[in-house]
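Asks: coordinates only, sequence not included:
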């Protein structure tokens with residue numbers, strides 16, 4: 001009987017003393033921070049994907065390690081990628097056909113919440129073409145890049 005009580009006591013001590021993280025029961029709803037890019041001709045204002053000048057097959061997005069980064073074409077013929085998700089200072093090369101290279105820099109930080117810290121795109125800049133942020137769009141991270149020939 002003493003062994004049973006001792007065993008029960010030890011079982012309770014070892015199983016009830018587990019440290020539980022404050023994050024264990026928390027469900028995070030962190031949206032993937034996609035960046036959407038409109039590529040337009042600076043003179044005509046024409047969207048170069050919408051008009052068929054370029055297709056998704058012409059596109060390659062590379063990070064600073066020369067690794068391919070996934071990119072897709074939306075139903076509105078805009079390029080979309082999760083380049084706003086990688087924390088730190090990041091450089092990208094958007095290659096569209098052999099003659100068009102767009103250099104992009106991003107700065108992404110994370111929030112202070114230890115359980116659910118969403119990425120925050122602090123800055124986005126295109127180094128070799130004019131660009132603007134499209135605030136009127138439904139996308140928070142929507143930019144137009146003006147291509148000159």
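Replies: Arrived safely. As the structure is a prediction and not an experimental result, all values here were calculated from the model. Numbers count the residues shown, from 1 in each chain.
Asks: any idea how far residue 69 is from the residue nearest to residue 84 when sequence neighbours are not counted?
Replies: Spatial nearest neighbour of residue 84, excluding adjacent residues (C-beta to C-beta, 6 or more residues apart in numbering): residue 33 at 3.6 Å. Quick note: C-beta positions are derived from backbone N, CA and C, even for glycine. Using C-beta to C-beta, to the nearest Å, residue 33 is found at 13 Å from residue 69.
Asks: Which parts of this protein are helices?
Replies: Remark: helices assigned in the chain by DSSP state H are 2-16.
Asks: for it, where's the lowest mean pLDDT among helices and strands?
Replies: Using mean pLDDT, DSSP states H and E, helix 2-16 stands out as the lowest-scoring helix or strand of the chain, at a mean of 58.
Asks: Show me what counts as buried in the lengthiest strand in the chain.
Replies: Identified as the longest strand of the chain according to DSSP state E is strand 100-110. Going by neighbour count (16 or more other C-beta atoms under 10 Å), the buried part of strand 100-110 is 100, 102, 104, 106, 108.
Asks: Quick check: the residue nearest to residue 84 touching residue 124?
Replies: No. Applying C-beta atoms under 8 Å, one finds residue 33 not in contact with residue 124, separated by 10.8 Å.
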